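Engineer: could you look at this predicted model? Sequence included:
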Protein chains: 2
Amino acid sequence: MNPTGASAAERLMAAGRRLTAQRIIVADALLRSRRTVTAQELFERLRRRHPFLGRATVFRTLDMLVDAGLARRFERAGQAGAYVACEPNHHHHLVCRCCGASTEIDDEEVAVLVEAVRARHGFVLDHDALDFRGLCRRCETARPAG
Amino acid sequence: MNPTGASAAERLMAAGRRLTAQRIIVADALLRSRRTVTAQELFERLRRRHPFLGRATVFRTLDMLVDAGLARRFERAGQAGAYVACEPNHHHHLVCRCCGASTEIDDEEVAVLVEAVRARHGFVLDHDALDFRGLCRRCETARPAG
DNA sequence: GTGGTTGCAAAGGTTTTGCATGTGC
DNA sequence: GCACATGCAAAACCTTTGCAACCAC
């Protein structure tokens, strides 16, 4: 998913981050992935072509991307954290717990929910608490029992 | 929060789980906590009075409680998983990222959101994806910059 | 009695860190 | 040139597991 067409390097620069070969490699790989990936997956996938890439750098870069708003990290019980690239003006994600597919949504109902919770409970929802796990249509159809 | 007044032992029994001293101790401590607690916190807190309690047992018991629907576990980036007790007929939680306070909610807007996402994207949200992190009124007031 | 439960310690997996080296700006 | 980024390996951290002893039902 790369609707704006901005390259990884362009995004890093736009975010005011220092450009390095490693960062471009990691950000680019993340950008090209339609599904969530773990730091380890990315590390193993990239080290083939880029043997000089260190594991810690992958973790640090992903962390930096999340900090810059260019990626988001999902926590999964008992599993490694999963990362997805964010569009600069993105809203929320739907992430399939089965296949890892990620869809960006911008539904009014989310905003309605945020306002309702604030009004009723005085509770301000975190922006990134509104990324949702579930089953995508394909996986739901393939295995209705979940 | 213990509105139904059911004791830990009663809940375990009602859930068809085997009663042991350790399980009652852990479930009771979780039930008495208004805030989320980690397995390690619970272990350290309880070992003072119950030196015979093992760390693995705390993990296993919390896991069992989640499985039985009597507790829920929240994943937190870079931190240990945090547990809260659930009311048997509870719906969703609001968990403060600052103080860990947990509130149970049953808002129509959540159901509206679930339906909208299903209708528009064919995506079925996980029930426990609808536990929300954010800032409670008290913490929001205390530190508006959050 | 039997199968589930426990405690311990060790292993497993993920992520972070220290430090010397390298490099973008 | 200087501050920041990197690689490596070790450490830290959370959680799970193997196994013998134990206990609820």
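Structural biologist: Perfect, I can see it now. This structure is a prediction, so every number in the text was calculated from the model and none was measured.

Engineer: what sits against the residue sitting furthest away from the middle of chain A?
Structural biologist: What lies farthest from the middle of chain A is residue A:120; by C-alpha atoms, centre = their mean that is 30.2 Å. Shown in contact with residue A:120 (C-beta atoms under 8 Å, 6 or more residues apart in numbering or on different chains): B:105, B:107. (C-beta placed from N, C-alpha, C; glycine too.)

Engineer: and if you look at the one 10 residues further on?
Structural biologist: For residue A:130, the contacting residues are A:92, A:110, A:114, B:132, by C-beta under 8 Å, 6+ apart.

Engineer: right, and residue A:116 touches residue B:112 too?
Structural biologist: No - Residue A:116 is beyond contact range of residue B:112, at 9.1 Å (criterion: C-beta atoms under 8 Å).

Engineer: in chain A, which spans are helices?
Structural biologist: A:8-14, A:21-32, A:39-47, A:55-67, A:108-121, A:137-142 (DSSP state H).

Engineer: closest one to DNA strand C among the ones you listed?
Structural biologist: helix A:55-67 (3.3 Å; C-beta to the nearest atom of the strand).

Engineer: dump the C-alpha coordinates for the closest one into PDB.
Structural biologist: Output in PDB follows, covering the C-alpha atoms of helix A:55-67 (Å, rounded to 0.1, in the frame of the first residue of the first chain):
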ATOM      1  CA  ARG A  55      19.600  -6.900  14.000                       C
ATOM      2  CA  ALA A  56      19.800  -4.100  16.500                       C
ATOM      3  CA  THR A  57      19.600  -1.600  13.600                       C
ATOM      4  CA  VAL A  58      16.400  -3.100  12.400                       C
ATOM      5  CA  PHE A  59      14.900  -2.800  15.800                       C
ATOM      6  CA  ARG A  60      16.200   0.800  16.200                       C
ATOM      7  CA  THR A  61      15.000   1.800  12.800                       C
ATOM      8  CA  LEU A  62      11.500   0.400  13.300                       C
ATOM      9  CA  ASP A  63      11.300   2.200  16.600                       C
ATOM     10  CA  MET A  64      12.400   5.400  14.900                       C
ATOM     11  CA  LEU A  65       9.800   4.900  12.200                       C
ATOM     12  CA  VAL A  66       7.000   4.500  14.800                       C
ATOM     13  CA  ASP A  67       8.300   7.600  16.600                       C
END
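
Engineer: in chain A, which residue is most central in space?
Structural biologist: Using C-alpha atoms, centre = their mean, the most central residue of chain A is residue A:84, at 2.0 Å.

Engineer: could I get the pLDDT score of that one?
Structural biologist: With respect to pLDDT, residue A:84 scores 96.

Engineer: next, the contact list for the closest residue to it other than its chain neighbours, please.
Structural biologist: Take residue A:84 and drop its neighbours on the chain: the residue closest to it by C-beta to C-beta, 6 or more residues apart in numbering or on different chains is residue A:102, 4.6 Å away. Contacts for residue A:102 (C-beta under 8 Å, 6+ apart) come out as A:1, A:34, A:35, A:36, A:84, A:93, A:94, A:95, A:96.

Engineer: one step back: quick one: the helices of chain A as JSON lines, columns for mean pLDDT and distance to residue A:77 too.
Structural biologist: Below are the helices of chain A laid out as JSON lines (pLDDT from 0 to 100; distance: least, C-beta to C-beta, whole Å):
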{"stretch": "helix A:8-14", "mean pLDDT": "96", "distance to residue A:77": "30"}
{"stretch": "helix A:21-32", "mean pLDDT": "97", "distance to residue A:77": "22"}
{"stretch": "helix A:39-47", "mean pLDDT": "96", "distance to residue A:77": "17"}
{"stretch": "helix A:55-67", "mean pLDDT": "97", "distance to residue A:77": "19"}
{"stretch": "helix A:108-121", "mean pLDDT": "95", "distance to residue A:77": "23"}
{"stretch": "helix A:137-142", "mean pLDDT": "93", "distance to residue A:77": "18"}
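
Engineer: nothing else from me, thank you.
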